[in-house]
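Participant: For reference, the sequence and a predicted model appear below.
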Amino acid sequence: MEQSTLNFIFIGISFAIYIGIAFKSRASSTKEYYTAGGGVSPLANGMATAADWMSAATFISMAGSLAIGGYDGSRFLMGWTGGFVLLTVLMVPYLRKFGKATVPDFIGDRYYSKLARGVAVVCAIFICMTYIMGQMRGVGVVFSQLFGIGIPAGVLIGAAIVFFYAGMGGMKGITYTQVAQYCVMAFAYTIPAIYISIALTDNFIPQLGLIGDYVAGGEYVPFLEKLNAINEELGFSHYTSGSISRIDMFFITAALMCGTAGLPHVIVRFFTVKDVLAVRKSACWTLAFIAVVYLTAPTIGAFSRVNLIEKLHQTTYVAAPKWFKEFESTGQMAWIDKNDDGIIQYYGPAKSDTNSNTVFAGKAPTYPVAGSATDVLVGKHHQRLVINEIITSNPNELWFGNDIMVMANPHMAGLPPWVIALLMAGCIAAALSTAAGLLLVLSTSISHDLMKKIIKPDLSDKEEVAYARAAALVSLIVASYFGINPPSAFIAKTVAFAFGLAASSFFPTLLLGIFAKRMSREGAIAGMICGIGFTMGYIIYFQFLGGTKEQYLFGISPEGIGTLGMVINFATAFLVNTVSPPPPLEVQKMVENIHIPSGAGEASDH
Amino acid sequence: MSSTNALKHRKACLYITLAILAIWFSISLGCSILFREWMDQNMPQVGNAPFGFWMAQQGSIICFVLLLITYAVLMYRLDSKYGYLDSQRDAIDSVDSTE
């Protein structure tokens, strides 16, 4: 059967399942819309949260970053799982006991202030928006590959599907759809890894293969030693050592962890279960389900790196495998024959004096327009030519996007077409589940926190759901617009924003709200403003105003600055707190009450 | 539910939380980042992987899951000791504190 037919069948079946589930469990009240009625079992909620958490970026790009960065990529692995420990022991049981539907709700009530609620709503909207843009883009990319349509059309199809079941089903519909999506994702991620592990290391458990021996070359060599040797030979840093400085690595990992613990769309997931006991259970399940994918990612990264280099380095272009030419035609790989020998060479930064292995100027290849003369379009070995300025100060000739490692992996390993179809379905599941979850938080923030609590307090239940659906539609349109015209060519930049903001605003403010009974409104607001101001300023300066690496404060990159922003938030909050009046008695009582785990009742919105 | 009981529970809960966080910090930011090179050289390899590297890419995640399970079990015991489980509480009063 043709690959494209198989893709259609797999994705068609998975869509039919999602829509069927969404239709069966559509929400009829605000309570069901916001928190699924509060009665989802810990296991189902764990799966749903895991699907919500693992975005298209995680699914597609993380293994690629691991393949390229080796040890450096661990910051994502640890950051995005370690955050769940913080989330579980410091946040969600208490917030669940508090019993309101959203995070700005807690901040507004705990700090008895509309201003605090307002700041929280703006942060929540901003974080979800930056996040959802990347998801829409991801959906668009996959659809465009699948149907051979442009990315804009792909984004629109994705948006229509997400709106259909997130807008209709609310949290209840989304939760049960995400359970199905998790299953698709987990299979899609692990099955190729198992196949490749058997091929390369003769071990059917990829995690054991990674620490086992490489056998595909005929003799037995420890796999990681083989990888280190390849990296060294080609001029990359050791796979197991990486190249990011220790302090930067520390700050980035910490920012990702604290950011994870402060992301509103993750926190609200735990409002869907019955009580505090179920919250803790659910968190265990969530992390266990996430671990299935996260423990596999490093193996995919390492295996695909070996495969890629073995298959392409020092191979003549004419003899290069078919998949290389396919990715070349979609613009995800490019080869520039710098030394004009017809052979693909892939080298690292250490092979040149400039300490870089940039193939050409710019982030991605740009191609001559379709109607150009043949000698502009294709080179003498029939390779696709680019019009970027070629950088000849280093010998590296191969360019590929981070994103293709996961997608190209099954091709590289020569896996059967149905595995590739499954991977496509998994990829779409990852993007859709995250987009739907975010959309819900966005629409709740607008309808509940902004409309009902700040602008129009006399909103009825029905009107509120209507507002939520309208808000979902509007946010989706905005997100699709930015998905089609991404604000920066590099989605990772906006992700740095989301995590930096969450780490420097929500995490410290929530933590103080829960554990520091005496923390006053003034302290919290001053802390939030200083933390966000500092983090935003730093990121904007370095990402958009052309700050250079030499100017980094203590050598911390913008990715990791959220950690420092968090420290500033804490310090300011405590300082201002000493000179401001204590919170009213009923707030102090409430703080005491959330530490008693029993009697959480249903998560309500009143 | 006397307030001294609540205070004792809260204190015990704080100890559990701090203990979990101490382990969390030492395995992730400690073993895998701050002392990774020392770990790579001085600790036994895991299979063929240097210890620090393995902790960073596999071990820490496994430990996180184990930590959360430990937390859930310890907190369950603590709650039931102080009578804070909803099943125990329902028998005493059925007032929903959030209403």
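Facilitator: Received it, and whenever you're ready, just let me know what you need.

Participant: quick one, helices of the stretch 151-300 of chain A?
Facilitator: With DSSP state H, counting those that start in this stretch, the ranges of helices along the stretch 151-300 of chain A come out as A:151-162, A:168-201, A:206-210, A:223-234, A:246-261, A:264-267, A:276-312.

Participant: looking at those, which is closest to chain B?
Facilitator: Chain B lies closest to helix A:276-312 among the helices of the stretch 151-300 of chain A, at 4.2 Å (Cβ to the nearest Cβ). Bear in mind the C-beta positions are built from the backbone N, C-alpha and C, glycine included.

Participant: and that closest one, which residues are buried?
Facilitator: Of all the residues in helix A:276-312, those buried under the rule 16 or more other Cβ atoms under 10 Å in any protein chain shown are A:276-291, A:293-309, A:311-312.

Participant: neighbouring strands for the very next helix or strand once past it, and are they parallel or not?
Facilitator: Downstream of helix A:276-312, the first helix or strand assigned by DSSP states H and E is strand A:315-316. Strand A:315-316 has its sheet partners listed here by DSSP bridges as strand A:343-344 (antiparallel).

Participant: Now the helix or strand that the strand it pairs with is followed by: buried residues?
Facilitator: The first helix or strand that comes after strand A:343-344 along the chain, using DSSP H and E, is helix A:374-377. Buried residues in helix A:374-377, counting neighbours by 16+ other Cβ under 10 Å, are absent.

Participant: Which residues does helix A:374-377 contact?
Facilitator: A:Tyr367, A:Pro368, A:Arg384, A:Leu385 (Cβ atoms under 8 Å, 6 or more residues apart in numbering or on different chains).

Participant: need those in JSON lines with neighbour count, can you?
Facilitator: Shown next, in JSON lines, are the contacts of helix A:374-377 (neighbours: other Cβ atoms under 10 Å in any protein chain shown):
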{"residue": "A:Tyr367", "neighbour count": "15"}
{"residue": "A:Pro368", "neighbour count": "14"}
{"residue": "A:Arg384", "neighbour count": "17"}
{"residue": "A:Leu385", "neighbour count": "19"}
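
Participant: Between the residues you listed, which sits nearest chain B?
Facilitator: For these, the nearest to chain B is A:Arg384 (35.0 Å; Cβ to the nearest Cβ).

Participant: picking that back up, will you turn the helices of the stretch 151-300 of chain A into a markdown table that also has mean pLDDT and distance to A:Val441?
Facilitator: Listed next are the helices of the stretch 151-300 of chain A as a markdown table, based on pLDDT from 0 to 100; distance: least, Cβ to Cβ, whole Å:
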| stretch | mean pLDDT | distance to A:Val441 |
| --- | --- | --- |
| helix A:151-162 | 81 | 13 |
| helix A:168-201 | 82 | 9 |
| helix A:206-210 | 75 | 33 |
| helix A:223-234 | 76 | 40 |
| helix A:246-261 | 86 | 15 |
| helix A:264-267 | 82 | 4 |
| helix A:276-312 | 86 | 16 |
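
Participant: How many residues are close by A:Leu450?
Facilitator: When neighbours are counted by other Cβ atoms under 10 Å in any protein chain shown, A:Leu450 registers 21.

Participant: Tell me which residues of the host helix or strand of B:Gly52 come out buried.
Facilitator: For B:Gly52, the host element (DSSP H and E) is helix B:51-54. By neighbour count with 16+ other Cβ under 10 Å, helix B:51-54 contains the buried residues B:Phe51, B:Gly52, B:Phe53, B:Trp54.

Participant: near chain A, from those?
Facilitator: B:Phe53, B:Trp54 (Cβ under 8 Å from any Cβ of the partner chain).

Participant: Could I get the full set of helices for chain B?
Facilitator: B:3-25, B:36-42, B:51-54, B:60-81, B:86-92 (DSSP state H).

Participant: Run through the neighbouring helices and strands of the fourth one.
Facilitator: Judged by 3 or more Cβ pairs under 8 Å, 6 or more residues apart in numbering or on different chains; DSSP states H and E, helix B:60-81 is in contact with helix A:74-86, helix A:276-312, helix B:3-25.

Participant: before we move on, what about the shortest one?
Facilitator: Other elements packing on helix B:51-54 under the criterion 3+ Cβ pairs under 8 Å, 6+ apart are helix B:36-42.

Participant: is chain A contacted by the helix it packs on?
Facilitator: Yes - counting by Cβ under 8 Å from any Cβ, chain A has neighbours in helix B:36-42: B:Arg36, B:Asp40.

Participant: Not counting its own residues, what contacts that helix?
Facilitator: A:Tyr71, A:Thr240, A:Arg246, B:Cys31, B:Pro50, B:Phe51, B:Gly52, B:Phe53, B:Met55, B:Ala56.

Participant: Considering these, which possesses the most neighbours?
Facilitator: That'd be B:Ala56 among these, by other Cβ under 10 Å, with 31 neighbours.

Participant: what sits against that one?
Facilitator: Counting by Cβ under 8 Å, 6+ apart, B:Ala56 has contacts A:Tyr71, A:Ser74, A:Leu77, A:Met78, B:Ser32, B:Ile33, B:Arg36.

Participant: repeat that with 6 Å
Facilitator: Residues in contact with B:Ala56 (Cβ atoms under 6 Å, 6 or more residues apart in numbering or on different chains) are A:Ser74, B:Ser32.

Participant: Mind pulling up the pLDDT for it?
Facilitator: What the model reports as pLDDT for B:Ala56 is 82.

Participant: still on that earlier bit, which of the helices of chain B is buried the deepest?
Facilitator: helix B:51-54 (a mean of 25; mean count of other Cβ atoms under 10 Å in any protein chain shown).

Participant: Using CSV, write out every CA atom in that one.
Facilitator: Taking Å, rounded to 0.1, in the frame of the first residue of the first chain, the C-alpha atoms of helix B:51-54 are listed here in CSV:
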residue,chain,number,x,y,z
PHE,B,51,27.1,8.0,35.7
GLY,B,52,26.5,11.8,35.4
PHE,B,53,25.3,11.6,31.8
TRP,B,54,23.0,8.7,32.6
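
Participant: Check what contacts that helix and list those residues.
Facilitator: Contacts of helix B:51-54 (Cβ under 6 Å, 6+ apart): A:Tyr71, A:Thr240, B:Arg36, B:Met39, B:Asp40, B:Met43, B:Val46.

Participant: The residue lying closest to the first one once chain neighbours are set aside - how many residues pack around it?
Facilitator: I take that to be A:Tyr71. In space, not counting the residues next to it along the chain, A:Tyr71 is nearest to A:Gly242; the distance is 3.4 Å by Cβ to Cβ, 6 or more residues apart in numbering or on different chains. Per other Cβ under 10 Å, the neighbour tally for A:Gly242 reads 20.

Participant: looking at it, A:Gly242 is touching A:Ile68, isn't it?
Facilitator: No - using Cβ atoms under 6 Å, A:Gly242 makes no contact with A:Ile68, being 10.4 Å away.
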